[in-house]
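[1] Generate coordinates for the sequence data below:
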Amino acid sequence: MSETIVRNQYDQLASVYDLRWKSYITNTLSFLKAWAEISQTDTILDVACGTGEFERLLLAEYLSQRIVGVDISEKMLAIAKQKCSAYPQVSLCIYLEKF
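    The predicted structure is shown next:
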């Protein structure tokens with residue numbers, strides 16, 4: 001599947017993604033957070049950050065958590081940026097592969 005096709009699919013899902021995958025997101029990200037043993041002094045790189053739910057989960061515990069999120073979908077990132085807008089230490093970037 002090409003990068004453009006994947007990007008378009010996630011752009012189309014962005015507005016309903018959190019609602020559609022709520023249970024899965026809650027369970028997997030909560031498990032990941034506990035498993036990774038993230039401390040408030042860590043800087044987190046979240047590849048394929050989507051709508052920023054992992055960022056939201058981390059920031060609920062550590063308001064000053066430094067996070068860099070990267071995603072292929074501009075529309076998913078737009079939602080993540082809204083969720084993280086009050087946190088200047090969170091940087092969210094679009095992934096654009098150019099060869």
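[2] what's around the closest residue to E97 other than its chain neighbours, how many residues?
    The shortest distance from E97 to any residue other than its chain neighbours is 6.0 Å, reached at E3 (C-beta to C-beta, 6 or more residues apart in numbering). C-betas here are computed from N, CA, C, even on glycine. A count of nearby residues for E3, using other C-beta atoms under 10 Å, gives 11.
[3] measure E3 to M76 for me?
    With distances defined as C-beta to C-beta, to the nearest Å, the gap from E3 to M76 amounts to 14 Å.
[4] How about C49?
    C49 sits 8 Å away from M76, going by C-beta to C-beta.
[5] Likewise for D42?
    Taking C-beta to C-beta as the measure, D42 falls 23 Å from M76.
[6] Of these two, which one has the most company?
    Remark: of D42 and M76, M76 carries more neighbours, 26 against 14, as counted by other C-beta under 10 Å.
[7] who's in contact with that one?
    10-11, 13-14, 17, 49-51 (C-beta atoms under 8 Å, 6 or more residues apart in numbering).
[8] By neighbour count, which of those residues wins?
    Top of the contacts of M76 by neighbour number is T51, holding 27 neighbours under the definition other C-beta under 10 Å.
[9] Check whether that one really touches S15, as I assumed.
    No - taking C-beta atoms under 8 Å as the definition, T51 is not a contact partner of S15, at 9.5 Å.
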